[in-house]
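J.: Predicted model, plus sequence, below.
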Amino acid sequence: MSQDHSNRGDGPAKAGAAEDIVAQVESGARKPDGFAGRVIIAVCLAWALFQLWFASPLPFVLGFGIFNGTEARSIHLAFALFLAYTAYPAFKWSPRHHIPITDWIFAFVGAFCAAYLVLFNDALADRPGAPTTMDIGVGVVGLLLLLEATRRALGPPLLIVALVFLGYTFGGPYMPDVIAHKGASIEKAMSHYWITTEGVFGVALGVSTTMVFLFVLFGSFLERAGAGMYFIRVAFAFMGHLRGGPAKAAVVSSAMTGLISGSSIANVVTTGTFTIPLMKKVGFPATKAGAVEVASSTNGQLTPPIMGAAAFLMVEYVGISYIEVMKHAIVPALISYIALVYIVHLEACKAGMKGLPRAHVRPWHQAAVGFLGGFLVFAGLAAAVYFGFGWLKPVAGDATPWIAAAALLIAHVALVRFITTVPPLPETADIDELPEPRETVRSGLHFLLPVVVLVWCLMIERLSPGLSAFWAAVMMIFNAATQRPLAAFFRGQGPERIAAGARQGFADVYNGMIMGSRNMIGIGVATAAAGIIVGTVTLTGIGQVLTEFIEYLSGGSLMIMLLLTAVTSLLLGMGLPTTANYIVVSTLMAPVIVTLGAENGLIVPLIAAHMFVFYFGILADDTPPVGLAAFAASAISGADPIKTGIQGFIYDIRTAILPFLFIFNTELLLIGVESWAHAAFVFAFALVAMLTFAAATQGYFVARSRWYETIGLLLVAFTLFRPGFWMDMVEPELSVMDATKIEAMAEQMPPNGRLRVRVEGMTLEGDEVSKAVMLPLGAPGTGEERLLNAGLELRDEDGRMLVDNIVFASAAERLGFDFDWEITQVMVPNENRPPDQLFFIPALGLLGLIWWMQSARARRQEAS
């Protein structure tokens with residue numbers, strides 16, 4: 001009894017330590033009293049209201065308060081800089097409960113410099129030429145204050161990276177010859193970084209302004225309203241009774257919490273506060289309990305429909321819609337999470353663990369009927385909404401939004417009325433006995449409405465991510481403000497309780513706005529600081545130099561290039577937030593991956609290269625020695641943070657192999673998958689492959705694996721993930737055609753297809769070049785027209801196809817073609833090649849053999 005009492009006493013202290021880590025990293029450790037505290041709250045509230053106003057249609061309806069993209073970015077950064085200096089102390093020993101006068105000065109000057117583009121918008125528009133002395137002064141001061149704000153909010157790593165790139169900008173003539181450039185004057189640099197949209201106020205800050213803030217705010221409203229607790233208890237209700245159940249529930253609840261939180265560290269604290277103690281309760285060591293939470297929380301940023309902030313940057317950098325990003329991310333995210341549940345199951349099997357007791361155990365057939373009935377009800381409602389509104393829109397026309405709003409209002413009231421028929425969710429996270437699934441699900445169904453609105457706007461109405469998040473946030477504000485008074489009314493609790501519920505509802509909205517703004521400080525500053533790196537690339541041309549340097553380091557090997565990229569992402573991610581990490585590495589490395597892939601005869605879509613960087617940037621959150629998610633988990637579990645991070649990364653190896661696999665097998669990103677049946681086939685075999693890989697890395701399948709069984713499992717997993725590797729040994733993927741047939745081959749390619757060619761020639765510097773490239777051919781037409789669409793005009797000289805002309809700013813110019821280079825080969829898909837999937841048959845046979853061997857061994861062990 002004394003031990004239990006001690007553990008309970010430690011729980012709040014450990015949770016408080018973890019929350020302190022989140023505060024220091026994400027929302028600012030300073031919480032001053034009195035006037036200063038009220039100022040921070042007022043600025044946070046003003047920031048949230050401005051972002052809602054900017055995202056809404058109201059400015060255009062009312063005809064005032066309309067801001068263009070540059071002005072909105074300027075105001076966004078002004079709020080972020082002001083709050084960075086008021087909410088984040090300069091040093092660990094700096095005061096936490098009051099704000100020094102120097103920080104007030106920095107806050108106001110930083111906000112003025114950031115808002116300069118709005119305050120002097122007309123003057124800047126009238127003189128687009130050389131910057132004035134004031135422009136330069138504001139740029140210098142603003143840049144210095146941004147760098148200091150970056151240090152405070154994010155620590156030294158991003159500051160150091162930004163300073164290195166700034167040093168390269170001004171020190172170009174003094175650099176080694178391989179990376180030297182003519183340098184930039186202070187006037188040119190400040191204009192580029194601060195006055196234009198090529199630097200600080202570039203794409204990254206724009207995404208933070210138009211998309212990320214609204215999603216973070218939406219998540220804050222859900223959290224304050226109680227949705228986080230609801231999702232977690234639902235996960236425990238359905239999975240807590242299984243072997244190692246609390247750990248499985250931790251994985252599922254982290255995935256569900258990922259719907260409302262784009263931060264792995266905040267996810268650890270939200271779910272880990274009670275999942276980690278429960279995991280320890282059923283037998284998980286402290287290190288593994290923390291590691292399971294870290295691995296599942298880290299993967300939350302990979303899970304659609306709301307992914308990490310970097311996913312929204314992909315929309316701009318890759319040039320595809322957010323729907324496409326979600327489509328490409330869904331299969332890897334699902335198989336990664338299912339595999340983590342399986343890893344937890346294997347850990348539980350190895351240790352002989354049990355689940356938590358359930359208060360009321362129903363026979364399995366009743367549980368199955370209940371689950372099937374609930375699924376059919378939800379499916380029926382979803383079909384009614386989808387087809388009902390699909391029918392309504394052509395009939396009602398412009399009145400459809402009003403009818404939809406009325407339907408949502410009625411649904412909200414009906415669901416709140418419905419949840420009053422079951423006991424309310426507990427206010428605490430303590431779980432001594434598993435909740436009953438049916439009642440748990442029914443207790444928070446109204447929380448699903450805002451998520452439905454978000455998904456509907458994104459996927460059906462095809463609104464922008466920012467506008468979709470706005471309407472979801474509006475629905476969530478209404479939900480949070482009215483759920484408590486409505487519930488009190490339906491329970492017949494009287495006017496006083498109804499009024500108290502209304503006050504609490506408005507307090508949830510108020511606190512959600514403040515929490516959302518504080519959580520955005522670091523992201524706002526990070527995207528602005530990352531703009532320095534992007535600005536340096538566009539100002540100096542370092543991108544091309546680094547591309548050549550990285551190609552040299554990799555020796556032209558795509559696999560070595562991918563390993564270099566992965567290591568770079570992990571190293572940068574140890575100190576950078578995922579967003580900044582993604583901006584830096586994708587800017588420098590993604591184009592190189594695509595280029596080297598083409599030279600190796602492999603089509604690497606740009607989204608695959610960006611997803612590769614995105615995955616490893618996220619994995620850095622649990623990579624020792626600076627994995628902040630591991631530190632947050634260890635603060636709750638009481639384990640060593642380094643050991644927790646190492647164990648978490650071991651669990652995350654299954655995620656770490658996925659980026660390598662979808663570079664070589666783009667079907668995992670649903671690229672080239674044109675039917676639901678094909679998608680289901682890809683998902684099923686990818687899942688089997690991932691579970692097999694998880695069993696191999698854990699050394700346990702049906703029983704403990706012997707070394708040769710582990711090798712066999714790895715071989716099965718590799719074959720199921722990439723069957724083409726073996727088929728290449730039987731029949732090559734490509735047929736090599738004579739270069740004189742290039743026009744005929746180009747004419748036969750499908751619309752928007754790419755034609756592989758090998759080109760040889762000499763550069764102006766006298767270097768011999770021989771490389772494979774992918775020519776984008778665009779719309780159908782004659783071979784000559786399609787080649788010209790790619791930017792190439794060719795001439796035939798005695799059977800040699802030479803480049804006669806290159807269209808300016810065309811794909812051919814970007815691919816590095818030069819005059820008089822020779823097309824030596826044309827490579828087209830080999831029509832005689834059997835399906836790669838034939839190798840699934842021996843792989844599944846080997847898997848069955850290993851299962852039979854281990855099953856027999858397990859039976860003998862049980863008998864003895």
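T.: Right, received. Where do you want to start? These numbers were taken from a predicted model, which means no experiment stands behind them.

J.: ok now the helix or strand hosting Ala107, how far from the chain's centre?
T.: In this assignment (DSSP states H and E), Ala107 forms part of helix 101-114. Distance, stretch centre to chain centre, for helix 101-114: 32 Å (Cα atoms, centre = their mean, to the nearest Å).

J.: isn't Pro751 right next to Pro776, touching?
T.: No: applying Cβ atoms under 8 Å as the test, Pro751 and Pro776 come out as separate, 11.0 Å apart. Bear in mind the C-beta positions are built from the backbone N, C-alpha and C, glycine included.

J.: buried sites along whichever helix or strand Phe218 is part of?
T.: Assigning secondary structure by DSSP H and E places Phe218 in helix 213-225. For helix 213-225, a neighbour-count test (16 or more other Cβ atoms under 10 Å) marks 213-225 as buried.

J.: What average pLDDT does whichever helix or strand comes after it get?
T.: Toward the C-terminal end, the helix or strand that comes next after helix 213-225 (DSSP H and E) is helix 227-239. Averaged across helix 227-239, the pLDDT comes to 77.

J.: Past helix 227-239, which element shows up next along the chain?
T.: Sequence-wise, the next helix or strand downstream of helix 227-239 (DSSP H and E) is helix 245-257.

J.: Any chance you could list what contacts that following helix?
T.: Identification of contacts with helix 245-257 by Cβ atoms under 8 Å, 6 or more residues apart in numbering yields 228, 231-232, 234-236, 238-240, 242, 267, 270-272, 275-276, 278-279, 281-282, 284, 289, 292-293, 295-297, 299-300, 303, 337, 340-341, 344-345, 347-348, 355-356, 434.

J.: Just the buried residues of these.
T.: Using 16+ other Cβ under 10 Å as the burial test, the contacts of helix 245-257 include 228, 231-232, 234-236, 238-240, 242, 267, 270-272, 275-276, 278-279, 282, 284, 289, 292-293, 295-297, 299-300, 303, 337, 340-341, 344-345, 347-348, 355-356, 434 as buried.

J.: got the angle between the longest helix seen in the chain and helix 213-225?
T.: As assigned by DSSP state H, the longest helix anywhere in the chain is helix 495-540. Counting by axes from the mean of the first three to the mean of the last three Cα atoms, to 10 degrees, helix 495-540 lies at 150 degrees to helix 213-225.

J.: follow-up on the earlier one: who has more neighbours out of Pro751 and Pro776?
T.: Legend: neighbour count by other Cβ atoms under 10 Å for Pro751 and Pro776, higher for Pro776 (18 against 10).

J.: ok, now which ones touch that one?
T.: Shown in contact with Pro776 (Cβ under 8 Å, 6+ apart): Asn752, Arg754, Ala790, Ala811.

J.: and if you look at Gly34?
T.: Shown in contact with Gly34 (Cβ under 8 Å, 6+ apart): His98.

J.: quick one: low-confidence parts of the stretch 1-150 of the chain?
T.: For the stretch 1-150 of the chain, residues meeting the criterion pLDDT under 70 lie at 1-29, 128-129.

J.: which residues in it form helices?
T.: 2-22, 34-55, 58-62, 69-87, 101-114, 116-119, 121-126, 133-154 (DSSP state H, counting those that start in this stretch).

J.: tell me the pLDDT at Leu425?
T.: For Leu425, the model assigns a pLDDT of 69.

J.: Gly573 too?
T.: For Gly573, pLDDT reads 63.

J.: And Glu822, by the same measure?
T.: At Glu822, the predicted lDDT confidence score is 88.

J.: That one is in contact with Glu797, isn't it?
T.: No: in this structure, Glu822 is not within contact of Glu797 by Cβ under 8 Å, at 9.1 Å.

J.: mind checking how far Phe470 is from Leu217?
T.: As judged by Cβ to Cβ, to the nearest Å, Phe470 and Leu217 stand 9 Å apart.

J.: Need the overlap of contacts for those two.
T.: Residues touching both Phe470 and Leu217 (Cβ under 8 Å, 6+ apart): Leu52.

J.: Got the domain ranges for the chain?
T.: 21-205, 211-513, 665-731+833-864, 734-829 (automatic domain parsing).

J.: looking at these, which is closest to Met559?
T.: Of all these, it is domain 665-731+833-864 that lies closest to Met559, at 12.0 Å by Cβ to Cβ.

J.: tell me how far the closest one is from the chain's mean position?
T.: 28 Å.

J.: and what of stretch 137-154?
T.: On Cα atoms, centre = their mean, the centre of stretch 137-154 falls 27 Å from the chain's centre.

J.: how about the CA coordinates for that stretch, as CSV?
T.: The C-alpha coordinates for stretch 137-154 follow below in CSV (Å, rounded to 0.1, in the frame of the first residue of the first chain):
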residue,chain,number,x,y,z
GLY,A,137,18.3,49.8,-40.6
VAL,A,138,14.9,48.1,-40.0
GLY,A,139,16.2,45.0,-41.8
VAL,A,140,19.4,44.8,-39.8
VAL,A,141,17.6,45.4,-36.4
GLY,A,142,14.7,43.1,-37.3
LEU,A,143,17.1,40.3,-38.4
LEU,A,144,19.1,40.5,-35.2
LEU,A,145,16.0,40.5,-33.0
LEU,A,146,14.6,37.5,-35.0
LEU,A,147,17.8,35.6,-34.4
GLU,A,148,17.7,36.3,-30.6
ALA,A,149,14.0,35.4,-30.6
THR,A,150,14.9,32.1,-32.3
ARG,A,151,17.5,31.4,-29.6
ARG,A,152,15.0,32.0,-26.8
ALA,A,153,12.1,30.1,-28.3
LEU,A,154,14.0,27.2,-30.0
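
J.: by contact count, what packs against the strand or helix carrying Phe725?
T.: If you go by DSSP H and E, Phe725 is part of helix 724-730. Under the contact criterion of 3 or more Cβ pairs under 8 Å, 6 or more residues apart in numbering; DSSP states H and E, helix 724-730 touches helix 707-721.

J.: hmm, back to that, and for the helix holding Phe218, what are the contacting residues?
T.: Helix 213-225 is contacted from outside by 48, 51-52, 55, 76, 228, 259-262, 270, 306, 309, 312, 447, 450, 454, 465-466, 469-470, 472-473, 476-477, 479-480, 483, 508-509, 511-513, 515-517, 519-520, 523-524, using Cβ under 8 Å, 6+ apart.

J.: least reliable of the domains of the chain going by mean pLDDT?
T.: Of all the domains of the chain, domain 211-513 carries the lowest average pLDDT, namely a mean of 76.

J.: so how far is that domain off the chain centroid?
T.: Counting by Cα atoms, centre = their mean, domain 211-513 comes out at 18 Å from the chain centroid.

J.: can you tell me which residues contact Leu415?
T.: Per Cβ under 8 Å, 6+ apart, neighbours of Leu415: Leu445, His446, Leu449.

J.: Return the distance of the last one relative to Ala399.
T.: Leu449 sits 21 Å away from Ala399 when distances are taken as Cβ to Cβ.

J.: before we move on, what about the first one?
T.: The spacing between Leu445 and Ala399, counted by Cβ to Cβ, is 27 Å.

J.: circling back to that earlier point, residues of the helix holding Phe725 that come out buried?
T.: For helix 724-730, by 16+ other Cβ under 10 Å, it's Met727.

J.: again, but for stretch 152-170
T.: Neighbour count says stretch 152-170 has 152-155, 157-159, 161-162, 165-166, 168-169 buried, by 16+ other Cβ under 10 Å.

J.: before we move on, back to that, between which two of the buried residues of helix 213-225 is the distance greatest?
T.: Phe213 and Ala225 (18.6 Å).
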